[in-house]
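Engineer: This is a predicted model, with the sequence first.
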Amino acid sequence: MAPVAGDTRTETVVRGLREGMARGVLSFPLTAFHDDGTLDPDGSRAHVADRLATAPGAVFPACGTGEFFSLDEDEYRRVVGIAVEEAAGRVPVVAGTGYGWAQAARFARIAEEAGADALLVLPHYLVAAPQGGLVVQLEQLAARTRLPLVAYQRGQVAYGVEAFRRITEIPGVVGLKDGHSDLDRLQRLTLAAPEDFLFFNGAATAEIQARAYAAVGVPAYSSAVHAFAPEIADAFFAALRDGDHGTADTLLREFYVPFVELRDRAPGYAVSLVKAAARLRGCRVGPVRAPLTDPSAADLADLKTLLAAGLDLVGAAL
């Protein structure tokens, strides 16, 4: 990270994220909607509060799992503000932002006004771009916000080593979340990074690859499972932390691998299946918004069976 001169706020955020990453999973709460598709602020608040009660390392509202791409600016303000209010300074709040830099800057201003600690910069919209353009995208956004930025490489965004070195020199860019799972490339980036730069495993159902990521120096990961079964997510995190390979393998074999196989049945299930599982646990999060669709009846039945089995493994109830 290229520090901002005298910016103790950025240093505090980085320290808080680093401490949180060592303490627990990174939580990406869902955004609650009513059955008619309108925002349900009370449902969102209850969901965030329940996640925070399990002491995650940080909370990331209005990101991919939180359907950032489906929110207008007023809804985004409510969602981020709710997370800030519920966190009350206990853990860092990192809000999602994205699209082109001009629109990302609008969301960044809203997040800053709402009290977020940092921003996760989601991949830009639609077009492929050369490496230099990816760097300028972050430069333009960083120049328009005081909030620290965590870049997210996924989809059409993938940094080569030279472009990565350039983004680490942008004032305010403090970390990288990786969703490509190209461990050769990721190892090269970790070796090229400044000592205090943050890295996150952002693979879909990140627990599947958590040990592989840790082997290249990226032990911290986001957990979609935490959005509906924090008991399972926390048990897996503790097993990795304590070197309990037997428990980790059992959870992977009996829950995580079957969950990924179910998730891969339809596009968008990385979000809609998570939301359906949260509803099965009694969370008032409502449906997903189009273009996502809720799981089919058959897939929902399989999800319920798998979720019950996973909870049974850790001694929790459906």
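Structural biologist: Arrived safely, thanks for sending.
Engineer: how about the strands in the stretch 201-318 of the chain?
Structural biologist: Along the stretch 201-318 of the chain, counting by DSSP state E, counting those that start in this stretch, strands occupy 222-223.
Engineer: For Leu138, give its distance to Tyr152.
Structural biologist: Look at Leu138 and Tyr152: by CB to CB, to the nearest Å, they are 11 Å apart. For glycine as for every other residue, the C-beta is placed from the backbone atoms N, C-alpha and C.
Engineer: same check, this time on Arg211
Structural biologist: As judged by CB to CB, Arg211 and Tyr152 stand 22 Å apart.
Engineer: can you check Arg289 too?
Structural biologist: Relative to Tyr152, Arg289 is positioned 21 Å away (CB to CB).
Engineer: If you count surrounding residues, which of these two has more?
Structural biologist: Between Arg289 and Tyr152, counting by other CB atoms under 10 Å, Tyr152 is the more crowded of the two (24 against 18).
Engineer: Confirm that the more buried one sits in a strand.
Structural biologist: Yes: assessed with DSSP: H, G, I helix; E, B strand; the rest coil, Tyr152 lies in a strand.
Engineer: Can you name the residues that contact it?
Structural biologist: Leu120, Val121, Leu122, Pro123, Leu176, Lys177, Gly179, Gly202 (CB atoms under 8 Å, 6 or more residues apart in numbering).
Engineer: List the residues that contact the residue nearest to it when sequence neighbours are not counted.
Structural biologist: Leaving out its chain neighbours, the residue that sits closest to Tyr152 by CB to CB, 6 or more residues apart in numbering is Lys177, at 4.5 Å. By CB under 8 Å, 6+ apart, Lys177 lies in contact with Leu120, Val150, Ala151, Tyr152, Gln153, Arg154, Phe199, Phe200, Asn201, Gly202, Ser222.
Engineer: okay, Lys177: pLDDT?
Structural biologist: Lys177 carries a pLDDT value of 97.
Engineer: quick one: buried residues of the helix or strand of the chain with the lowest mean pLDDT?
Structural biologist: Sorting the helices and strands of the chain by mean pLDDT, DSSP states H and E puts helix 8-23 at the bottom, at a mean of 90. Residues Thr10, Glu11, Val13, Val14, Gly16, Leu17, Arg18, Gly20, Met21 are the ones in helix 8-23 that count as buried (16 or more other CB atoms under 10 Å).
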